[in-house]
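A.B. asks: Model the structure of this input:
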Amino acid sequence: MDTNVTTPHVVLLATGGTIVSRNTPESGATLAADGGSDLLASAGLDPELAVRVVDVMRTGSYALSFADMLEICSSIREALADENAVGAVVTHGTDTMEESAYLADLLHNDERPVVFTGAQRPADHPDPDGPENLKQAVAVAASAGARNQGALIVFNGRIFRAAGVRKIHTSDLQAFGDPDAGPAGRVSPAGEVELGTATRRLAPLPWAGPAASPAPRVDVIACHPGADGSLLAAALEAGSRGVVLQATGNGNANRGFVAVVGQAVAAGVPVIVSTRVQAGPVMAVYGGGGGKDLEAAGAISAGMLKPSQALALLQLLIRLGTPVTRIAEVFAERGNLHQTN
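C.D. replies: Numbering: from 1, shown residues only. Predicted coordinates for the structure are as follows:
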């Protein structure tokens, strides 16, 4: 880690993921292996662009906890405490990048950009995609046009705003998309950044840095044909402090779920209704156990937030000790993902 950069620079926060992973001959598994300096050396960056490396952790994002995500956010804040930093790049596994990037966006209180990137191919692949993704992410982080844009994901030449982005393919090099809004911009192979005008950003949520106490338990429960409220009831029994329902269609479940949702709400446990559908908002329309009945039982709409990002927001709000009435207000404010100026 170089802590003596006294000129304008980008901070690279390395957290692990496929972008630094290599095959382990003993087990045959692919595991995070390289550090940030190894990754930086592979990218072939413009020598005039200074980059300071900070190794935050070295793990696959599938193994991250909420506390780990907060640690990443804390590292971003520390990096941007340096007035010479023009922006930060976070290299991260793709599995849960949408959660970490959104959490960072919710907490980001700085005009300088935070850019997440990663890879679909490991570092020891004959043709890895990580070096080019990193090169493009650094270009965006150093771009004046990325200021006041919050947290972004840069992947395979496309730029996405954190809110609404999703991993859309398990192996394709174009791993991310925003089914509702599409990309916010692009990066050319030459590193030229094209990024639209910043959308209206809501005020950041209060900082909830790492603490000694365990993170509150929050669960995602899937609705599907034949499901009932048993798993939701089990989550409550296990001590869940909040639940996100991955509902069907525009936010529907069935009568069995509705009954348990009512019990959860009566016990002060917020239940957020999202949907497994790729695009579009939750709408309380149907009875017979559908969204209208969930609403009547006290469930809160996630708006356009899909389950992964609804989970990140709910975890943060519960960590902050937010009353259920205020949780509903925040989801109403943030469920419209693409604010206009």
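
A.B. asks: what sits up against stretch 38-56?
C.D. replies: Residues outside stretch 38-56 that contact it (C-beta atoms under 8 Å, 6 or more residues apart in numbering): 1-3, 5, 7-15, 19-20, 35-37, 71-72, 75, 79, 85, 91, 123, 128, 130-132, 134-135, 138, 142, 191. In short, each C-beta sits where N, CA and C put it, glycine included.

A.B. asks: Now that we have those residues, which of them are buried?
C.D. replies: By neighbour count, with 16 or more other C-beta atoms under 10 Å, the contacts of stretch 38-56 hold 5, 9-15, 19-20, 35-36, 71-72, 75, 79, 85, 91, 123, 128, 130-132, 134-135, 138, 142, 191 as buried.

A.B. asks: what residues are up against Gly36?
C.D. replies: Neighbour list for Gly36: 12-14, 20, 53-55, 91 [criterion: C-beta under 8 Å, 6+ apart].

A.B. asks: change it to 10 Å
C.D. replies: For Gly36, the contacting residues are 1, 11-16, 20, 51-56, 58, 89, 91, 134, by C-beta atoms under 10 Å, 6 or more residues apart in numbering.

A.B. asks: can you pull the buried residues of stretch 65-72?
C.D. replies: Buried-residue list, stretch 65-72, by 16+ other C-beta under 10 Å: 66, 68-72.

A.B. asks: can you put the residues you listed in CSV and add pLDDT and distance to Ala296?
C.D. replies: What follows is these, written out as CSV (pLDDT from 0 to 100; distance: C-beta to C-beta, whole Å):
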residue, pLDDT, distance to Ala296
Phe66, 94, 31
Asp68, 94, 37
Met69, 96, 33
Leu70, 94, 35
Glu71, 94, 40
Ile72, 96, 39
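
A.B. asks: Kindly reformat these as JSON lines containing secondary structure and distance to Phe160.
C.D. replies: Shown next, in JSON lines, are the buried residues of stretch 65-72 (DSSP: H, G, I helix; E, B strand; the rest coil; distance: C-beta to C-beta, whole Å):
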{"residue": "Phe66", "secondary structure": "helix", "distance to Phe160": "22"}
{"residue": "Asp68", "secondary structure": "helix", "distance to Phe160": "22"}
{"residue": "Met69", "secondary structure": "helix", "distance to Phe160": "18"}
{"residue": "Leu70", "secondary structure": "helix", "distance to Phe160": "22"}
{"residue": "Glu71", "secondary structure": "helix", "distance to Phe160": "23"}
{"residue": "Ile72", "secondary structure": "helix", "distance to Phe160": "18"}
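
A.B. asks: For the residue positioned nearest the centre of the chain, give me its contacts.
C.D. replies: Residue closest to the mean C-alpha point of the chain, counted by C-alpha atoms, centre = their mean, is Glu99 at 2.3 Å. Residues touching Glu99, when contacts are defined by C-beta under 10 Å, 6+ apart, comprise 61, 64, 66, 69, 92, 162, 308-309, 311-313, 315.

A.B. asks: Try it again at 7 Å.
C.D. replies: 69, 308-309, 311-312 (C-beta atoms under 7 Å, 6 or more residues apart in numbering).

A.B. asks: Local confidence estimate at it?
C.D. replies: Residue-level confidence at Glu99 comes out at 98, pLDDT.

A.B. asks: On the three-state scheme, it is what?
C.D. replies: Per DSSP: H, G, I helix; E, B strand; the rest coil, the local secondary structure of Glu99 is helix.

A.B. asks: again, but for Thr325
C.D. replies: helix.

A.B. asks: Equivalent analysis for Gln309, please.
C.D. replies: Secondary structure, three-state DSSP: Gln309 is helix.

A.B. asks: That one: how many residues sit nearby?
C.D. replies: For Gln309, the count of nearby residues is 27 (other C-beta atoms under 10 Å).

A.B. asks: Next one, pLDDT for the closest residue to Ala14 other than its chain neighbours please.
C.D. replies: Once its chain neighbours are removed from consideration, Ala14 has its nearest residue in Gly36; the separation is 3.2 Å (C-beta to C-beta, 6 or more residues apart in numbering). The predicted local distance difference test score for Gly36 is 90.

A.B. asks: 5 is where my numbering starts, stick with that
C.D. replies: All right, first residue 5 from here; so that's Gly40.

A.B. asks: Can you list which of the buried ones among the contacts of stretch 42-60 are found in strands?
C.D. replies: Residues of those located in strands (DSSP state E): 13-18, 89, 95.

A.B. asks: can you list the residues you listed in JSON lines and add distance to Gln153?
C.D. replies: What follows is those, written out as JSON lines (distance: C-beta to C-beta, whole Å):
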{"residue": "His13", "distance to Gln153": "19"}
{"residue": "Val14", "distance to Gln153": "15"}
{"residue": "Val15", "distance to Gln153": "17"}
{"residue": "Leu16", "distance to Gln153": "19"}
{"residue": "Leu17", "distance to Gln153": "18"}
{"residue": "Ala18", "distance to Gln153": "22"}
{"residue": "Ala89", "distance to Gln153": "16"}
{"residue": "Thr95", "distance to Gln153": "19"}
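
A.B. asks: Over to the nearest residue to Ser175 once chain neighbours are set aside. Which of the three states is it?
C.D. replies: Take Ser175 and drop its neighbours on the chain: the residue closest to it by C-beta to C-beta, 6+ apart is Gln124, 6.0 Å away. For Gln124, the reduced secondary structure class is coil; criterion used: three-state DSSP.
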